[in-house]
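Enquirer: Show me how the following folds:
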Amino acid sequence: EAWKALGDTSPHQAMQEYIAAVKKLDPSWNPQTTEKRGKESKTGFGGPVVSSLYQEEEIIREEDKNIFDYCRENNIDYVTKAIQSKKVDVNVTDEEGRALLHWACDRGHKELVSVLLQNAADVNIQ
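Expert: Below is the predicted model:
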């Protein structure tokens, strides 16, 4: 989804915008200076660099969905109502320890990230 949202943005332009965003978050970050640690590199911002392949997600029946499924789908209305009705804790984590905020950020759902933050999502949750 995140790549599709870029539309006609060239890979070079996307890279430049990404670098600008990282530098805004961590002004001391320099892409030319990273410490090598075995096969993984660690930068001053964000910890180890990890990459994984996108996997096609299975289709889940509506009655079998949980809050994480709605978050992954960017169903802002459902997630907002669930959190505001107190049916769901905004900082709930899945079986692998990922919070709604992790999923929304991972999927590039900016508006959903804003909703979660407005509803007291913990930006430091691990």
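Enquirer: Now T93. Its backbone dihedrals?
Expert: When quoted as degrees, to the nearest 10, the phi and psi of T93 stand at phi -120, psi 150.
Enquirer: Burial check on it, number of neighbours?
Expert: By other CB atoms under 10 Å, 15 other residues sit near T93. The C-beta positions use only the backbone N, C-alpha and C, and glycine is treated the same way.
Enquirer: ok, now D26?
Expert: When neighbours are counted by other CB under 10 Å, D26 registers 12.
Enquirer: Could you report the pLDDT at it?
Expert: pLDDT, D26: 76.
Enquirer: Ends of stretch 106-125, what's the gap?
Expert: Start and end residues of stretch 106-125 are separated by 14 Å (CA to CA, to the nearest Å).
Enquirer: what comes up buried for that stretch?
Expert: Along stretch 106-125, the positions that meet the burial threshold by neighbour count (16 or more other CB atoms under 10 Å) are R107, H109, L112, V113, V115, L116, A121.
Enquirer: A helix includes the fifth one, no?
Expert: Yes: note on V115: a helix contains this position according to DSSP: H, G, I helix; E, B strand; the rest coil.
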